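Novice: Just the structure for this:
(2 chains)
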Amino acid sequence: DIQMTQSPASLSASLGETVTIECLASEDIYSNLAWYQQKPGKSPQLLIYDASSLQDGVPSRFSGSESGTQYSLEINSLQSEDAVTYFCQQHHDYPLTFGSGTKLEIK
Amino acid sequence: QVQLKESGPGLVQPSETLSLTCTVSGFSLTSYNVHWVRQPPGKGLEWMGVMWSGGSTDYNSALKSRLSISRDTSKNQVFLKMNSLQSEDTTTYYCARDSPYHGGYFDYWGQGVMVTVSS
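Specialist: Sure thing, here's the model as predicted:
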């Protein structure tokens, strides 16, 4: 199985700042990486797929990038509603696997 | 619009079988794959298995011996059955729709159903 190592586990930042969350794949996943946002008590919502493609309706302050097997989610101009949990997921091979999550807090 | 909704018992006895239903609307089960994903309280996500649009299934090898996924296209429903439940199966279960390009990522999710395994 492909292991997804997500970091950091938690993150604190101020409103308006830019934050970066990372996921390291245990092998090449050929840009097949999705990012989800999960609000408390709700199901995950797709933000980005194919490493950098923005899902319809997602604000442009969210962006994804990659470098080798390292994938990043960047959130610009942090807003209060962004203070939730984020997960990565590789969609290259089965079983599909997820990162352990990053909880983002506002300072 | 696209909707998925899970239903099933909130409480299951240890060693018994869990039966969940995912009722979908706004799309066809013969055109889209539907997956099951679960999430223990406060923890990460685990992919369980998939009902392919063509009617076949695949399962996470960690659960394969206990898991069965089926569907009734006439009722727009996908079913999950998992036997020999233990306390570690206490979690929220989600069904989710695969992307339009069968990319293996999920563009719509159900609200989830919390299942507790306890006597």
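Novice: Report the secondary structure state of residue B:111.
Specialist: Three-state assignment for residue B:111 (DSSP: H, G, I helix; E, B strand; the rest coil): coil.
Novice: quick one: contacts for it?
Specialist: Taking Cβ atoms under 8 Å, 6 or more residues apart in numbering or on different chains, we find residue B:111 in contact with A:42-43, B:5-6. Quick note: C-beta positions are derived from backbone N, CA and C, even for glycine.
Novice: Give me the distance between it and residue B:5.
Specialist: For residue B:111, the distance to residue B:5 (Cβ to Cβ, to the nearest Å) stands at 7 Å.
Novice: just residue B:28 next, same as before
Specialist: If you go by Cβ to Cβ, the gap between residue B:28 and residue B:5 works out to 16 Å.
Novice: ok, the two, which is more surrounded?
Specialist: Residue environment comparison for residue B:28 versus residue B:5 gives the larger neighbour count to residue B:5, 15 against 10, counting by other Cβ atoms under 10 Å in any protein chain shown.
Novice: State the paired neighbours of the helix or strand harbouring the more buried one in the sheet, together with their directions.
Specialist: When elements are assigned from DSSP states H and E, residue B:5 belongs to strand B:3-7. Strand B:3-7 has its sheet partners listed here by DSSP bridges as strand B:18-25 (antiparallel).
Novice: can I get the CA coordinates of the partner strand in PDB?
Specialist: Output for strand B:18-25, consisting of C-alpha atoms alone and laid out as PDB, is shown next (Å, rounded to 0.1, in the frame of the first residue of the first chain):
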ATOM      1  CA  LEU B  18     -23.300  -4.300  10.000                       C
ATOM      2  CA  SER B  19     -25.600  -3.500   7.100                       C
ATOM      3  CA  LEU B  20     -25.600   0.000   5.700                       C
ATOM      4  CA  THR B  21     -27.400   1.500   2.700                       C
ATOM      5  CA  CYS B  22     -26.200   4.400   0.500                       C
ATOM      6  CA  THR B  23     -29.100   6.000  -1.400                       C
ATOM      7  CA  VAL B  24     -28.100   8.200  -4.200                       C
ATOM      8  CA  SER B  25     -29.800  10.800  -6.400                       C
END
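Novice: For it, which outside residues touch it?
Specialist: With Cβ under 8 Å, 6+ apart, strand B:18-25 has contacts from B:1-9, B:12, B:34, B:36, B:75-83, B:85, B:89, B:93, B:95, B:97, B:110, B:113, B:115.
Novice: Okay, buried residues for stretch B:110-119 please.
Specialist: Judged by neighbour count using 16 or more other Cβ atoms under 10 Å in any protein chain shown, the buried positions of stretch B:110-119 are B:110, B:112-113, B:115, B:117.
Novice: Ok, stretch A:35-52 next?
Specialist: Neighbour-count burial for stretch A:35-52, counted by 16+ other Cβ under 10 Å, picks out A:35-38, A:43-52.
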